[in-house]
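Trainee: build me a structure from this.
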Amino acid sequence: MKIVTAAEMREIDRVTSEQFGVPSLTLMENAGSVVAEFVLSAYPKGKTFGVICGKGNNGGDGFVVARKLHEARREVRLLLLADPTGLRGDAAKNFAKLPTKSAAPPFDQLRPGSFVVLKGSEESKLAPEVFACDVLIDAILGSGFRPPVSRLYAEAIAKINAAIAPVIAVDIPSGADADVMGEQTGAVARADAIVTFTAPRPAHIFGNLTSGPTVVAPIGSADDAIRSSLNLNVITPHEIVPLIGPRPHDSNKGMYGHVLVVGGSLGKAGAAAMAGFSALRAGAGLVTVATPRSVLATVAGFHPELMTEPLEKTEVGSISLRALGRVHELADNKTVLAIGPGISRYSETAELVRAVLNSEKMPIVLDADGLNAFERRAGHLNKRGARTLVLTPHPGEMARLTGLSIPAIQRDRIGVARTFAKQHEVILVLKGDRTIVAKPDGEAWVNTTGNPGMATGGTGDILTGMIAGLLAQNPKREFESVMAAVYLHGLAGDVARESMGEHSLVATDLVKALPEAFRRVRTAAAERWVKIG
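Mentor: Predicted coordinates:
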């Protein structure tokens, strides 16, 4: 799904109306309707709904929300932060469609289906009754807003933030700058959920604007009108579900690829084992883990489904350069190679990693100490021929690959990932909060699944195995396979958190949660709305 700027969103609306014949009033009606639908589904037991509206199009969306809630026989209290005579365009038209607008009878006498609009002199006296509702709808300022917030709106935002009720933001929380790719400054309304339209803006993805979901709902904008200059997208279930559909009845293990994992060392055998089993759990037909002879029993005992191969070891218990020939033999009939988990930074082993990448032409996933073998040698990673090379660094590993500091990488994660992917012709997965997946042509995708509980040893090895497993099954859809693995990996972490919590979550919990993550992707892809975050 494309990420667009606020200006591009306005252009999308204009083109949709002028070139594709969808009236702007229809777009506003659809927007308000979908917000009301979401609110009623999320809070079916809510009795009183407070809708706080500004004078612009965001307020116009709010008028539609209020009308739809009223039609659903809910008690609605609408606060307009402007003189109604100042309303213009579609907002004025939708204000005119509201039911009887009166501040009487007293609130304690209202019944389901009652509707009250507060404005002018009534505001200071009765506004507290709006903020005391069971659910609040923030329709003050939309994504076209630019700071600073006016005094009246700032006061309303402060009242929203002080209220106990859950808050649903229409389009974006009031006061937020839609184009900011980071934390917001100034007065910004809190939000327990956001319902936006057509396509997300940068702040929806990077702004940490809500404690709950951000829903992206279609409202009738033409697909051909949705254009973005950012070359930036967000991964959603819609991109993933084609890769995890039902399998044919005559399936056999040979149809789903054979992954070779090369890794492990004395004290780190579990990393290679986790990568191998994650490839299986992601759907690969077969997985072989090649590991130092001294730790083979540990790896083999991890799961009986894993096949293993012993390799010559160094004096420190890592894979010896003498094993290079055997690695080539093992790779000869495999679909994908994953190299690096638990492999160690021993110099001889690092030389083996470089030699393998220099000679193998199969798709390769390089992770962990496999990446560290290319510290100050990133030029050796450049792709040769048609080989696909996937790198999965965390910021520390990225710093060693690029020579940049970790703070410099974190300040420009998208730019760093794009530049490296283009320069070295690789698929780059820069891990962290909002993992970035960059293509060799510079196009970038952002992942919104995952949580802080995944900051524990081994989760990267799980991701490596998942990427390899999905690549093995989808050799003609390599980039989509990487995106799918990243999304499912984070979603499995979110599923695991529900039962384990963030503090107790460990890497293997993700493997157990993968079946549910697959199920949720299939379910979400069938829904009309897209939920991100």
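Trainee: local confidence estimate at the residue positioned nearest the centre of the chain?
Mentor: For the chain, the residue sitting closest to the mean C-alpha position, by C-alpha atoms, centre = their mean, is Thr448 at 1.8 Å. What the model reports for Thr448 is a pLDDT of 97.
Trainee: do the one 5 residues further on as well
Mentor: Reading off the confidence values, Gly453 has pLDDT 97.
Trainee: repeat for Lys334
Mentor: Lys334 carries a pLDDT value of 97.
Trainee: quick check: nearest residue in space to it, chain neighbours excluded?
Mentor: Leaving aside its chain neighbours, Lys334 sits nearest to Leu260 (4.2 Å; criterion: C-beta to C-beta, 6 or more residues apart in numbering). Placement of C-beta: from N, CA and C, glycine included.
Trainee: for the helix or strand harbouring the one you found, name the packing helices and strands.
Mentor: Using DSSP states H and E, Leu260 sits within strand 258-262. Strand 258-262 is packed against helix 269-281, strand 286-292, helix 324-331, strand 336-339, helix 459-473, with contacts defined by 3 or more C-beta pairs under 8 Å, 6 or more residues apart in numbering; DSSP states H and E.
Trainee: what angle separates the longest one from strand 258-262?
Mentor: Spelled out, it's helix 459-473. Calculated by axes from the mean of the first three to the mean of the last three C-alpha atoms, to 10 degrees, helix 459-473 forms an angle of 150 degrees with strand 258-262.
Trainee: what about Gly415, which SS state?
Mentor: Recorded secondary structure, Gly415: helix (DSSP: H, G, I helix; E, B strand; the rest coil).
Trainee: could you measure from it over to Gly442?
Mentor: Remark: distance between Gly415 and Gly442 (C-beta to C-beta, to the nearest Å) = 10 Å.
Trainee: other SSEs contacting the helix ranked longest in the chain?
Mentor: Longest helix in the chain by number of residues, with DSSP state H as the criterion: helix 478-504. Helices and strands touching helix 478-504, by 3+ C-beta pairs under 8 Å, 6+ apart, are helix 237-240, strand 427-430, strand 436-438, helix 459-473, helix 507-525.
Trainee: mind running it again at 6 Å?
Mentor: Packing partners of helix 478-504 (3 or more C-beta pairs under 6 Å, 6 or more residues apart in numbering; DSSP states H and E): helix 237-240, strand 436-438, helix 459-473, helix 507-525.
Trainee: in a markdown table: the ones you listed, plus distance to Leu352.
Mentor: Converted to a markdown table, the helices and strands packed on helix 478-504 look like this (distance: least, C-beta to C-beta, whole Å):
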| stretch | distance to Leu352 |
| --- | --- |
| helix 237-240 | 34 |
| strand 436-438 | 27 |
| helix 459-473 | 17 |
| helix 507-525 | 25 |
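Trainee: which of those sits most buried?
Mentor: Most buried of the helices and strands packed on helix 478-504 by mean neighbour count (mean count of other C-beta atoms under 10 Å) is helix 459-473; its value is a mean of 30.
Trainee: how far off centre is that helix?
Mentor: How far helix 459-473 lies from its chain's middle: 18 Å, per C-alpha atoms, centre = their mean, to the nearest Å.
Trainee: on that earlier part again, in the longest helix of the chain, what's buried?
Mentor: 478-497, 500 (16 or more other C-beta atoms under 10 Å).
Trainee: now that helix against helix 269-281, angle please.
Mentor: Going by the same axes, to 10 degrees, helix 478-504 makes 120 degrees with helix 269-281.
Trainee: now the angle from helix 478-504 to helix 507-525?
Mentor: Relative orientation of helix 478-504 versus helix 507-525 (the same axes, to 10 degrees): 120 degrees.
Trainee: gap between helix 478-504 and the chain center?
Mentor: 10 Å.
Trainee: renumber starting at 30 from here on
Mentor: Sure, I'll start numbering at 30, so the last one becomes helix 507-533.
Trainee: OK, contacts around Asn123?
Mentor: Gly89, Phe92, Val93 (C-beta atoms under 6 Å, 6 or more residues apart in numbering).
Trainee: same question, Leu181
Mentor: Residues near Leu181 by C-beta under 6 Å, 6+ apart: Leu110.
Trainee: same check, this time on the one 5 residues further on
Mentor: Taking C-beta under 6 Å, 6+ apart as the definition of contact, the neighbours of Ile186 are Ser203, Gly204, Ala216, Ala218.
Trainee: try 8 Å this time
Mentor: Contact analysis of Ile186 by C-beta atoms under 8 Å, 6 or more residues apart in numbering lists Ile169, Val178, Ser203, Gly204, Ala216, Val217, Ala218.
Trainee: the third one falls within a strand, correct?
Mentor: No. Counting by three-state DSSP, Ser203 is not found in a strand; it is coil.
Trainee: is it true that it touches Ile166?
Mentor: No. Between Ser203 and Ile166 there is no contact under C-beta atoms under 8 Å: 11.0 Å.
Trainee: thinking again about what came up before, and the residue nearest to the centre of the chain, that one's in a strand?
Mentor: No. With three-state DSSP as the criterion, Thr477 is assigned coil and is not in a strand.
Trainee: neighbours around the residue lying closest to Leu433 once chain neighbours are set aside, how many?
Mentor: Leaving aside its sequence neighbours, Leu433 sits nearest to Val445 (C-beta to C-beta, 6+ apart; 6.9 Å). By the criterion of other C-beta atoms under 10 Å, Val445 has 23 neighbours.
Trainee: quick one: Val445 from Arg355, how far?
Mentor: The gap separating Val445 from Arg355 is 36 Å, by C-beta to C-beta.
Trainee: next one: Ala228
Mentor: With C-beta to C-beta as the criterion, Ala228 and Arg355 are 50 Å apart.
Trainee: got it, and Gly522?
Mentor: Computed as C-beta to C-beta, the Gly522 to Arg355 distance reads 35 Å.
Trainee: list the residues that contact Val44.
Mentor: Ala251, Ala254.
Trainee: and the one 5 residues further on, by the same measure?
Mentor: Residues touching Phe49, when contacts are defined by C-beta under 8 Å, 6+ apart, comprise Ala251, Asp253, Ala254.
Trainee: could you do Tyr516 as well?
Mentor: Residues near Tyr516 by C-beta under 8 Å, 6+ apart: Ile264, Pro266, Glu268, Ile269, Asn476, Thr478, Val550.
Trainee: how about Gly211?
Mentor: Counting by C-beta under 8 Å, 6+ apart, Gly211 has contacts Phe235, Gly236.
Trainee: and what of Lys84?
Mentor: With C-beta under 8 Å, 6+ apart, Lys84 has these contacts: Leu109, Leu110, Ala111, Gly115, Leu116, Arg117, Ala120.
Trainee: what's the closest non-adjacent residue to it?
Mentor: Lys84 sits nearest to Ala111 (C-beta to C-beta, 6+ apart), 3.7 Å away.
Trainee: okay, the one you found and Gly61: tell me how far apart.
Mentor: From Ala111 to Gly61 the distance is 17 Å (C-beta to C-beta).
Trainee: the two: who's more crowded?
Mentor: Gly61 (27 against 19).
Trainee: just give the nearest non-adjacent residue to that one, would you?
Mentor: Leaving aside its chain neighbours, Gly61 sits nearest to Val93 (2.3 Å; criterion: C-beta to C-beta, 6+ apart).
Trainee: host element of the one you found?
Mentor: Per DSSP H and E, Val93 falls inside helix 86-100.
Trainee: buried set for that helix?
Mentor: In helix 86-100, counting by 16+ other C-beta under 10 Å, buried: 86-99.
Trainee: what's that helix packed up against?
Mentor: Using 3+ C-beta pairs under 8 Å, 6+ apart: helix 86-100 touches helix 53-71, strand 77-82, strand 104-109, helix 118-125, strand 164-168, strand 196-199.
Trainee: show the end-to-end separation of stretch 233-241, please.
Mentor: This stretch, stretch 233-241, spans 12 Å end to end (C-alpha to C-alpha, to the nearest Å).
Trainee: got a list of contacts for it?
Mentor: Contacts for stretch 233-241 (C-beta under 8 Å, 6+ apart): 32, 198, 201-202, 205, 207, 209-213, 217, 219-223, 225, 232, 243, 245, 263, 463, 475, 477, 561-562.
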